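Q: need coordinates for the below:
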Amino acid sequence: MVLTDILIPTYLQMLKALSGWLGKAEAQMPGGGADALLSARLAPDMFPLSTQIRFACVQAQEGMFRLKGQPFPRSIDILLNEGRNAVAQPGSLADAQARIGETIALVESLASGAFDPDPERPIAHALPAGMIFDLSAGQYVRDWAVPQFYFHIMTAYAILRNQGVDLGKADYVTHMFAYLRPGTMPAQ
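A: From the prediction side, this is the model:
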């Protein structure tokens, strides 16, 4: 399988799901009440929802540029700084939706210029703490890009559920309904 055949649909499906969850939160908590969710967290030492959203966007953008072998755009630094400062400045749901929309557009634009990265191409993945991981592109996708992205997506989902947003499994896997065999949807 081509590495981008894994990452691109994963990023697009789950970012669109995340946007849908935020839309549900807004609909369930009208009058701006849902904006308070951006400061919610699962544990005192975890980042809040606002950061989880931005870091999911960072992971998607980084994954695309890293596989293309291109330098990161300024948008990644902006998202990282917003995420790191989200406790003091969580922003609004409109801000979060804008970041998700920008990331979806970026992934779609990079995907339109089809590329097939060599799974054996070496990638040196440096973290801010100074650690550097030496991986192949295939290892990077399997062991970093997908798990890190899902960590932030799933944490955002868990925060929203924990804060009382009415979400269920169908909201998490909305993309699966494209594969539903006709006539097999249970009656409500």
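
Q: next structured bit after the longest helix seen in the chain?
A: Identified as the longest helix of the chain according to DSSP state H is helix 3-28. Heading C-terminal from helix 3-28, the first helix or strand you meet, by DSSP states H and E, is helix 49-68.

Q: residues touching the helix or strand just after that following helix, excluding its own?
A: Downstream of helix 49-68, the first helix or strand assigned by DSSP H and E is helix 74-84. Residues from elsewhere that reach helix 74-84 (CB atoms under 8 Å, 6 or more residues apart in numbering): 47, 50-51, 54-55, 57-58, 61-62, 65, 89, 91, 99, 102, 106. Any C-beta I mention is one placed from the backbone N, CA and C, and that applies to glycine too.

Q: most neighbours, which of the residues you listed?
A: Cys57 (31 neighbours; other CB atoms under 10 Å).

Q: relative to Thr103, how far out is the spatially most central residue of the chain?
A: Most central in the chain under CA atoms, centre = their mean is Ala56, positioned 3.0 Å from the mean C-alpha point. Distance of Ala56 to Thr103, given as CB to CB, to the nearest Å: 8 Å.

Q: do the same with Pro9
A: When Pro9 is compared with Thr103 (using CB to CB), they lie 14 Å apart.

Q: swap in Arg84?
A: On the measure of CB to CB, Arg84 and Thr103 end up 17 Å apart.

Q: those two: who's more crowded?
A: Set Arg84 next to Thr103 and count neighbours by other CB under 10 Å: Thr103 wins out with 27 against 14.

Q: show me what the strand or helix carrying that one is packed against.
A: Here Thr103 sits within helix 93-112, counting by DSSP H and E. The contact analysis (3 or more CB pairs under 8 Å, 6 or more residues apart in numbering; DSSP states H and E) places helix 93-112 against helix 3-28, helix 49-68, helix 74-84.
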